[in-house]
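> What would the 3D arrangement of this be:
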Amino acid sequence: MTSTAASTSSGSRTLSQTLAAFAHSLEPGDIPRRVRVRAKHLILDTVGIALASHRNEFTGVMRRGIRALGESGTSPVIGCGDTHTVRNAVLLNAALMHGLDYDDTHMKGIVHASAFCAPTALGVAHETGASGHAALAAYLVGMEVATRLGAAAKGGFHRAGYHPTGVLSHFAAALIAGRLYGLDAAQLAAAQGIAASTAAGVQVFLEEGTWSKRLHPGWGGAAGIMAARLAQAGFVAPSRPYEGRYGLFDSHLQQHAGEVDYAMASAGLGEIWETEQMAIKPYPVCHFLHSIAEAGADLARDTRIDPERISRIRVLLPEPVMPIVTEPLDAKRQPRTNYEAKFSAQYVAAAALVRGRFGLAELEPDALADQRILALAARVECMADPDSAFPAYYSGGMIVDTDDGRQHRRYYRINKGAGERALSNEEIVAKYFDNACWSVSRARAEQIRDAVLALDELPAGELWAVLRAS
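Below is the predicted model of the structure:
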């Protein structure tokens with residue numbers, strides 16, 4: 001163990017033991033009411049996204065693929081009558097929650113935590129007959145652990161080619177499932193040791209805009225459930241999955257491993273609630289592009305720029321994220337799929353300017369084929385933002401020159417949905433309805449909203465009776 005890693009342990013405890021102690025000892029009464037209320041709204045946000053995802057091709061493909069496994073079970077799926085084993089149900093529900101890239105993000109951890117914490121907690125709670133109160137506490141255990149582990153890496157996972165959600169989901173899910181299965185602290189520590197051998201999540205999907213990212217949170221959830229059950233059965237696991245030689249950070253971060261702040265991985269557990277720092281996405285694209293989407297939409301609305309009169313567009317982005325959202329150039333200028341478009345600074349900037357907004361409609365086939373958008377995307381120049389507040393916030397903006405010699409600029413140091421610009425609970429509910437009503441009636445959406453926001457007053461099975469109906 002390095003001196004840096006050693007300094008984070010409580011006495012002689014390893015990091016996995018410290019996190020296990022937190023997961024085992026947290027009492028629901030220790031969670032402040034404001035945190036419980038916010039947590040339920042975060043879960044509601046993911047449920048709305050899951051319902052909207054049923055309109056997308058990947059959902060049908062995944063349902064067919066999972067059914068083809070021939071594994072029967074009683075665990076439900078949001079928005080349909082399918083039932084599966086708990087692991088397969090978590091895999092599918094997480095894909096629905098993350099599949100539109102519209103789910104929450106912890107800014108410093110750069111992790112989509114609710115997309116694996118919510119389906120794992122709700123799925124295992126249904127399997128075990130746990131209360132909604134217990135499910136909510138388990139969800140918060142996973143959220144607090146995943147966000148801290150992500151923050152400790154200081155963006156290193158992305159730089160090394162890994163998707164933090166695909167990596168950290170395994171550890172958080174192991175603790176969520178383990179808590180609901182009644183594991184003791186030693187077993188919870190072992191579950192993390194097992195999870196270290198399944199955590200992966202490479203970012204190769206960026207090259208072609210493919211679907212594999214949609215699997216990341218659910219694969220972590222399913223693996224975490226397996227890790228918890230194996231630990232419960234007595235499987236012998238590594239005791240230092242994070243800080244050990246060839247542990248998570250050394251193996252995944254490689255040359256960036258020395259930058260890890262191990263103290264951050266457990267700082268303030270049970271006292272400071274990182275769940276409150278989750279940023280809700282107002283736009284269904286990569287979170288790094290939110291300031292760009294807002295800048296384009298605001299310029300279109302406030303200046304009424306004629307796209308045909310634009311002579312130059314410069315987009316300002318945090319320098320560390322540019323390879324993710326600006327390259328390869330040809331693919332970003334003319335995305336072939338809506339998933340490629342979600343990670344294209346050029347497309348998002350152009351579509352927001354042309355249409356004066358950026359929502360799910362701007363990812364439909366007609367938008368991807370809109371020649372006005374594509375012509376403008378070909379003229380977008382992407383530049384490193386010298387004043388960026390990244391990684392605390394995903395700063396960004398746009399400078400637009402028109403052929404009459406005028407220049408228009410919009411810049412946001414704090415992206416909408418984060419920090420002092422966080423969405424209120426009421427705004428989250430409004431976003432939920434926008435998403436849910438793509439697939440269900442307003443009346444059904446209201447019924448689901450009421451059930452989710454009463455989660456800690458219901459048995460988990462009662463909530464699922466509402467969630468699963470289409």
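
> Remind me which helix or strand Lys108 belongs to.
Lys108 is part of no helix or strand, with elements assigned from DSSP states H and E.

> How about the contacts made by it?
Under the criterion of Cβ atoms under 8 Å, 6 or more residues apart in numbering, the neighbours of Lys108 are Thr147, Gly150, Ala151, Gln277, Pro391, Ala392. Backbone N, C-alpha and C define where each C-beta goes, glycine included.

> Quick one, which of those are buried?
Neighbour-count burial (16 or more other Cβ atoms under 10 Å) applied to these gives Thr147, Gly150, Ala151, Gln277, Pro391.

> A strand includes the last one, no?
The reference is to Pro391. No: read with DSSP: H, G, I helix; E, B strand; the rest coil, Pro391 is coil and lies in no strand.

> just checking, it touches Ile110?
Yes: contact between Pro391 and Ile110 holds when scored by Cβ atoms under 8 Å: they sit 6.8 Å apart.

> overlap in contacts of the two?
Listed as contacting both Pro391 and Ile110 by Cβ under 8 Å, 6+ apart are Gly155.

> all strands for this structure, in order.
According to DSSP state E, the chain carries its strands in the segments 75-77, 80-84, 105-106, 278-279, 310-317, 380-384, 396-402, 407-412.

> Compare the ones you listed and report which one is nearest to Ala267.
Relative to Ala267, the nearest member of those by Cβ to Cβ is strand 105-106, separated by 14.1 Å.

> Please name every helix or strand in contact with the closest one.
helix 132-152, strand 278-279 (3 or more Cβ pairs under 8 Å, 6 or more residues apart in numbering; DSSP states H and E).

> Highest mean neighbour count out of the strands of the chain?
Using mean count of other Cβ atoms under 10 Å, the stretch among the strands of the chain with the greatest mean number of neighbours is strand 105-106 (a mean of 27).

> mean confidence for it?
For strand 105-106, mean pLDDT is 96.

> same check, this time on stretch 240-256
For stretch 240-256, the per-residue pLDDT values average out at 95.

> end-to-end on that stretch?
End-to-end distance of stretch 240-256 (Cα to Cα, to the nearest Å): 19 Å.

> which other residues reach that stretch?
Residues outside stretch 240-256 that contact it (Cβ under 8 Å, 6+ apart) are 1-2, 5-6, 8, 14-16, 149, 152-154, 156-157, 159-160, 162, 167, 171, 192-193, 195-196, 199, 238, 257, 259-260, 262, 265.

> returning to what we had before: I'd like to know which of the helices and strands packed on strand 105-106 is closest to Ala52.
Smallest distance to Ala52 across the helices and strands packed on strand 105-106 (Cβ to Cβ): 19.0 Å, for strand 278-279.

> counting contacts, what elements does that closest one pack onto?
strand 105-106.

> rerun at 10 Å
Under the contact criterion of 3 or more Cβ pairs under 10 Å, 6 or more residues apart in numbering; DSSP states H and E, strand 278-279 touches helix 33-53, strand 105-106.

> Return the distance of the last one from the chain's centre.
Going back to what we said before, that points to strand 105-106. Mean-position distance between strand 105-106 and its chain equals 6 Å (Cα atoms, centre = their mean, to the nearest Å).

> Alpha carbons of stretch 114-128, as PDB, please.
Provided in PDB are the C-alpha atoms of stretch 114-128 (Å, rounded to 0.1, in the frame of the first residue of the first chain):
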ATOM      1  CA  SER A 114     -28.600   6.700 -10.200                       C
ATOM      2  CA  ALA A 115     -28.600   4.600 -13.400                       C
ATOM      3  CA  PHE A 116     -27.200   1.700 -11.400                       C
ATOM      4  CA  CYS A 117     -28.100   2.500  -7.800                       C
ATOM      5  CA  ALA A 118     -31.800   2.800  -8.500                       C
ATOM      6  CA  PRO A 119     -32.400  -0.400 -10.400                       C
ATOM      7  CA  THR A 120     -30.200  -2.400  -8.100                       C
ATOM      8  CA  ALA A 121     -31.800  -1.100  -4.900                       C
ATOM      9  CA  LEU A 122     -35.400  -1.400  -6.300                       C
ATOM     10  CA  GLY A 123     -34.700  -4.800  -7.900                       C
ATOM     11  CA  VAL A 124     -33.100  -6.500  -4.900                       C
ATOM     12  CA  ALA A 125     -35.700  -4.900  -2.600                       C
ATOM     13  CA  HIS A 126     -38.500  -6.500  -4.700                       C
ATOM     14  CA  GLU A 127     -36.600  -9.900  -4.600                       C
ATOM     15  CA  THR A 128     -36.200  -9.800  -0.800                       C
END
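
> Please work out the average pLDDT along that stretch.
When the per-residue pLDDT values of stretch 114-128 are averaged, the result is 98.

> any low-confidence regions in the stretch 1-150 of the chain?
In the predicted model, the stretch 1-150 of the chain carries pLDDT under 70 at residues 1-11.

> Contacts only, for Leu374.
For Leu374, the residues meeting the contact criterion (Cβ atoms under 10 Å, 6 or more residues apart in numbering) are Arg333, Gln334, Pro335, Gln346, Tyr347, Ala350, Ala351, Val354, Ala367, Leu368.
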